[in-house]
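Pasting the sequence and the predicted model now:
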2 protein chains.
Amino acid sequence: MVIFTPSGKRGRFPVGTPVLTAARQLGVDLDSVCGGRGICSKCQVTPQFGEFPKHGVTVAAEALSEWNAVEARYDRIRGLKEGRRLGCQARIEGDVVIDVPPESQVHRQVVRKEADAREIVMDPATRLLLVEVQQPDMHEPRGDLERLAEALKVQWGVESVTAPLSVLARLQTALRKGEWQVTVALWKGDEGPAKVLDLWPGFHEGRIYGLAIDLGSTTIAAHLTDLRNGTVKASAGAMNPQIRFGEDLMSRVSYAMMNPGGDREMTKAVRAAIDGLAKSLAEQVGIGARDILEVVFVCNPVMHHLLLGIDPVELGQAPFALATSGAMGLEARDLSLSEINDAAQVYVLPCIAGHVGADAAAVALSERPDQSHDLVLTVDVGTNAEILLGNTSRVLACSSPTGPAFEGAQISSGQRAAPGAIERVEIDPATKEPRFKVIGCDLWSDDPAFVEAVKGTGVTGICGSGIIEVVAEMRLSGLLDAGGLIGSAEQTGTARAEAQGRTNSYLLWDGTAQGGPRISVTQGDIRAIQLAKSALYAGARLLMDEIGVDKVDRVTLAGAFGAHISPKHAMVLGMIPDVPLDHVRSAGNAAGTGARIALCSVAARREVEGLVSRITKVETAIEPRFQEHFVAANAIPHATDPFPNLLGQVTLPEVSFNTAGEGRRRRR
Amino acid sequence: MVIFTPSGKRGRFPVGTPVLTAARQLGVDLDSVCGGRGICSKCQVTPQFGEFPKHGVTVAAEALSEWNAVEARYDRIRGLKEGRRLGCQARIEGDVVIDVPPESQVHRQVVRKEADAREIVMDPATRLLLVEVQQPDMHEPRGDLERLAEALKVQWGVESVTAPLSVLARLQTALRKGEWQVTVALWKGDEGPAKVLDLWPGFHEGRIYGLAIDLGSTTIAAHLTDLRNGTVKASAGAMNPQIRFGEDLMSRVSYAMMNPGGDREMTKAVRAAIDGLAKSLAEQVGIGARDILEVVFVCNPVMHHLLLGIDPVELGQAPFALATSGAMGLEARDLSLSEINDAAQVYVLPCIAGHVGADAAAVALSERPDQSHDLVLTVDVGTNAEILLGNTSRVLACSSPTGPAFEGAQISSGQRAAPGAIERVEIDPATKEPRFKVIGCDLWSDDPAFVEAVKGTGVTGICGSGIIEVVAEMRLSGLLDAGGLIGSAEQTGTARAEAQGRTNSYLLWDGTAQGGPRISVTQGDIRAIQLAKSALYAGARLLMDEIGVDKVDRVTLAGAFGAHISPKHAMVLGMIPDVPLDHVRSAGNAAGTGARIALCSVAARREVEGLVSRITKVETAIEPRFQEHFVAANAIPHATDPFPNLLGQVTLPEVSFNTAGEGRRRRR
């Protein structure tokens, strides 16, 4: 009896059967690139000896054949870990328990950093396979490709195979140089034949890579990933060069509408930037960019269309029709990506709707709200907020036009998250004095060493998470009323409240002594944040209406920015519905994670395609209730919705600074 | 009862059923591009009235609904032939016999010129289809492509659809311009989804075209074909520009071996020439080259590899391994064909073996030896002769290295077939005086007006068919013995036999008076022809051995050159085995015909792929008997094989001019 762990699969085999053969027959996940030729060493196993009452066997020392010459040679040259055997060489001689270590599993689980996140099982579209090809013969007139296909069928069970001309042109040389052994990078097609993306004479020691790309309106993030085990070898980001055509999505759509050929300019620019990123990542890791064989893209619909070379004009007007919403399989050349392997395969995640893109689909793939028993609200905060609400019975999605305020734009002292930007803020409720931290410095601003410490960067402005904190802190400290008015110096008792025409502002930092700016929060800043957070909240509320609930169980903040938002402050602001604070978590860059999952797993691609087709799309623009929710959400945190969990944690001063006509009081 | 002719299909339908609907339900081949919207007029039918005892029905005048407004409008604008109705408008009211005229059938038969050739049934990969696409809607977030796919499924039964990015980029505009009607050129894939190759807003009046290309070592012939009905709209030929790298195949293989990158130079040159041909054909017919949506290639293995961008070096040495032997589906861009539609699909016929290419496969598709009850020998004469032998039970193929003598090369006065070249020859057996015709002039050379008539071109040399005729005529008139020796003036009694060192030559024409050349047939010319014809005959004999026969029933001469060979002269020479002269026919450019068939019919592509896989390949280079056959075939017509059919028609003088040692006599 042969028992494999951890799978528990078991079976009986004739004496002398190689462990690899037994594993294959039982469907045990045991890796092999060379197909059992003792070359690749991917099939290492750890035999277990002694008594195994659980399995009902006793394993004798001679349960496996003795070390053979191949194993001895491998150990001498590369070293075989203590207790390890090569599965293709060790033969079964008696009852034995064989442990397959994680690194010998093809479909190993890649455990994510966050404890609560789901595990990913490797199932890459492209694998390296060593094959031994029959030599040509006058009596056997089939071509080299046909004999390679035959070998792949017999040796690896691959039904049918094609090769692009670029690979075909190198096939004959590779076969002869490798003396009829060749390692192929084989991509398994969706429906059609498998495709040879690259090949090398003999056994190829190298690795193959993929790029997971999160193509955002502002930045492009790329993760160079080892396709064998899912490891991210390097990550890099670049500004989206389309910014020179328009800061936000709609201004880019306008650019395409106003300038004939403008869409093509933007397409060209973004593709060149992606090509450059691929090249620099390959250089960083010290590999050839030709070893990049797959690329997965996630992006919002406008980026999606501009990447694919489709004029996004229809996305700028109702009914926001996508040219295509389905997942796409492309080739590198379709996107003019010339740095990576010219046979590289591209996968673009499906879009959910004209406003809810492949980036939201990637968040759904990463977070799988459809697998949650709790009702979970997932918010990807960016220029547009993508909102998912659901559980195992149903998932809904919408997009809400928050505008760029949460990213620091449209804020008087707003700036991108960069060294010198204020990112954390506290205001003393008694003194109304603030203290803050800037990116690039660990000290609070009330630390005597602070000014010296930030000399390099200065204090330059407020970034997205900073603006959320300062507005929330102003509300908590009584500087701001529920309606969103900043009190005057007289009303609040602090000289930091400064009159600006008919409104007031709050001075956070006066850097003029150091030659820096005065950083204030103006009444206009508050209004911008109110608009943004109302849109976000109203979107979430609309989805809750659709499901028929007035509270959710959990909130997940996604997006690079989401990772920096303080749940408490977000809730004081009324960005998100009231839940226990410890039920708010950050999923980090969930869209990027989704891209990585799709890169590492073909099954995950099918999953996200199925999931997207099941998601109910709610269009905020045409729902009358969106306007109602939006208006009600204008108050901080909210005009009508109770926030019991929040109020159990914080006290919201009942102040009102409305001096015009009847004073509006907080209603609760 | 509704009866369709000529199919004879019949069925009962509710009163009011449109004729097109009834035809579809019965599987009657009735065309429609617009899907029954009364736009395209492709579904015209001719109802038959009166008594039909054969069908057992009487058709009343009111068997169909009256003309409706759509038909009246169509008749007013375009004119409807007497007695015709639109199948989508005419509704069934009673028993009726409906004739479907050939032009309303999708799978109409395209009758070939030659009476004995098989008929081709249209089954093109690409069709035009009008579809009505659902408009986008805020509540229906699927993309335009997905809604187009849905429409194709519902309206045309197309299971799944993709579109290249170039088409996707034009989809949204076309749909809106066509008010949600669009005509698509839909290519049905082999296994995968159908592909939209092009599209037009609304109903597209235009046509779509394909190119059938016979890519030869010397010339490239292209036929621009209407993909709807198989009509050749224009044909054009161009020199293969690779000639500057080497006249014949092996010299091009050598060029690739000797010059790094030489194969790429040749690939670039031939692709550019094809692109140029496509452009000039489109201009000639007055269509846009963008309307060319398919290309089919046939070519020998070296041309095949150089077209595909594969170094042909392996084809220059045993075992003559092809990089790939299977049929190939490619895209225009794979071959850098930039003049035609950038989504155009390319099909390359399979190769039979390293020496027997896709051109031979095309001959097999055109001639279908596997469907012949007689044992038929098909010979495609060129620089290499491709030889097929077989019948319904078995087909064999080989290639024989005839060399270029049959094309006029390696002949002292040889030249390509061009005006001024001698192409027909007769020699008077009594006087030994010749007369001949040159290309471009209908007069025989003994006509008094001949010299004046050929003043423009002169008499410049002997082309391939001329050299065969003159050598055969020399044999028939006793100027040449069975061993291939030319007799002296003394032996033959004519001063035209001129001594040249130790051998003799025969003066065919002395043009020096007109400032032209003296044209003779030298002993060296005879030897070159002997080598060529021996190789051809030996190849045929080898295949006959393999089947175990010593005669064949019929001989088909293929190739552009084959069309000009006189069967009698070819048999006198012993190029082909002895059969009744009227059992020798020319199939014209059978390879080109095969290319056209594959262009017009997807089923034919599958047929040729199946046929090629069933053909037994015989390798002449490694068969010892090939040498034996070759030596025996050196005599004219043959040293040992009897030629009873030939000898029933002609008398071969029993002469012998061998004065050295023992005279060799013809043995029969």
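Cool, the structure landed.

Report the buried residues of stretch A:46-61.
In terms of neighbour count (16 or more other CB atoms under 10 Å in any protein chain shown), stretch A:46-61 has its buried residues at A:46-48, A:52, A:55, A:57, A:59. For every residue, glycine as well, the C-beta is placed using N, CA and C.

Do a quick rundown of the helices in the stretch 1-150 of chain A.
Under the criterion DSSP state H, counting those that start in this stretch, the stretch 1-150 of chain A contains helices at A:19-26, A:69-77, A:144-156.

one step back: would you mind checking which of the buried residues of stretch A:46-61 is nearest to residue B:620?
residue A:47 (57.3 Å; CB to CB).

That closest one pairs with what?
When bridges are called by DSSP bridges, residue A:47 pairs up with residue A:98.

wouldn't it be in contact with residue A:85 here?
Yes. Applying CB atoms under 8 Å as the test, residue A:47 and residue A:85 come out as touching, 6.0 Å apart.

before we move on, back to that, most widely separated two among the buried residues of stretch A:46-61?
A:46 and A:57 (15.9 Å).

Flag the shaky bits of the stretch 101-250 of chain A, pLDDT-wise.
Low-confidence segments of the stretch 101-250 of chain A (pLDDT under 70): A:108-119.

Can you name the residues of it that neighbour chain B?
Those residues of the stretch 101-250 of chain A that sit near chain B, judged by CB under 8 Å from any CB of the partner chain, are A:136-139, A:141-146, A:163-166, A:168-169, A:171-173, A:191-193.

for the residue nearest the centre of chain A, phi and psi?
Centroid-nearest residue in chain A, with CA atoms, centre = their mean: residue A:592, separated by 1.7 Å. Dihedral pair for residue A:592: phi -60, psi -40, per degrees, to the nearest 10.

so which strand or helix has the residue nearest to it when sequence neighbours are not counted?
Distance criterion CB to CB, 6 or more residues apart in numbering or on different chains; nearest residue to residue A:592, sequence neighbours excluded, is residue A:214 at 4.2 Å. Element membership of residue A:214 [criterion: DSSP states H and E] is strand A:209-215.

Now do the same contact list for the nearest residue in space to residue A:49 that is not next to it in sequence.
Among residues not flanking residue A:49 along the chain, residue A:59 sits closest, at 4.7 Å (CB to CB, 6+ apart). Neighbouring residues of residue A:59 by CB atoms under 8 Å, 6 or more residues apart in numbering or on different chains: A:47-50, A:52, A:94-97.

still on that earlier bit, list the residues that contact the residue nearest to the centre of chain A.
A:212, A:214, A:221, A:223, A:298, A:362.

Kindly check the end-to-end length of stretch A:44-56 for me.
One end of stretch A:44-56 sits 24 Å from the other (CA to CA, to the nearest Å).

what's in contact with it?
With CB under 8 Å, 6+ apart, stretch A:44-56 has contacts from A:1, A:3, A:5, A:10, A:19, A:30, A:58-61, A:63-64, A:80-81, A:83-87, A:90, A:96-101, A:103-104.

picking up where we left off before, quick one: which of the buried residues of stretch A:46-61 is nearest residue A:341?
Distances from residue A:341 to the buried residues of stretch A:46-61, taken by CB to CB, are shortest for residue A:46, at 35.5 Å.

Thanks again, I'm all set now.
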